[in-house]
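Engineer: return atomic coordinates for the entry below.
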Amino acid sequence: MPLVDIQLIEGVFDDDQKRQMIEDVTDTMVRIEGETMRGVTWVRVQELASGAWGIGGRPMTAADVKAVQRQDG
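Structural biologist: Model (predicted):
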């Protein structure tokens, strides 16, 4: 039984986006191993407080991530 953890900074993704992540990851496991995997694939979305996640020695906040998203979009 696969267990997939998705760790996110709190406040970056809304509930619909998190639900889509769960569905898409599950569908990916099913494509790889077959439909029998659907009922035994666990996907957990874990959110860390804004600022409790660091990249390159610097804390990242939800606002930082959204600023990067705006630059890319």
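
Engineer: show me the contacts for the nearest residue to Arg38 once chain neighbours are set aside.
Structural biologist: By the measure of CB to CB, 6 or more residues apart in numbering, the closest residue to Arg38 outside its immediate chain neighbours is Val30, 5.2 Å from it. Every residue, glycine included, has its C-beta placed from N, CA and C. Listed by CB atoms under 8 Å, 6 or more residues apart in numbering, the contact set of Val30 reads 37-38, 41.

Engineer: run the chain-centre distance for whichever helix or strand Val30 is part of.
Structural biologist: Element membership for Val30, per DSSP states H and E: helix 15-33. Centroid separation for helix 15-33 versus its chain: 10 Å, with CA atoms, centre = their mean, to the nearest Å.

Engineer: that one: which residues count as buried?
Structural biologist: Across helix 15-33, burial judged by 16 or more other CB atoms under 10 Å covers 18, 21-22, 25-26, 29.

Engineer: again, but for stretch 42-60
Structural biologist: Those would be 43, 45, 47, 50, 53, 60, for stretch 42-60 by 16+ other CB under 10 Å.

Engineer: in this structure the third one contacts Leu8, no?
Structural biologist: Yes - under the contact definition of CB atoms under 8 Å, Glu47 touches Leu8, with a separation of 5.2 Å.

Engineer: could you check how far Ala62 is from Arg19?
Structural biologist: To Arg19, Ala62 is 19 Å away according to CB to CB, to the nearest Å.

Engineer: which residues are in contact with the next helix or strand after the helix holding Val30?
Structural biologist: Once the chain leaves helix 15-33, the next helix or strand it forms, by DSSP H and E, is strand 42-48. Contact partners of strand 42-48, identified using CB under 8 Å, 6+ apart, comprise 1-11, 18, 21-22, 25-26.

Engineer: next, the angle from strand 42-48 to helix 15-33.
Structural biologist: Per axes from the mean of the first three to the mean of the last three CA atoms, to 10 degrees, the angle that strand 42-48 makes with helix 15-33 is 140 degrees.

Engineer: now the lowest-mean-pLDDT helix or strand in the chain: buried residues?
Structural biologist: Using mean pLDDT, DSSP states H and E, helix 62-72 stands out as the lowest-scoring helix or strand of the chain, at a mean of 88. Residues of helix 62-72 classed as buried by neighbour count (16+ other CB under 10 Å): 62, 64-65.
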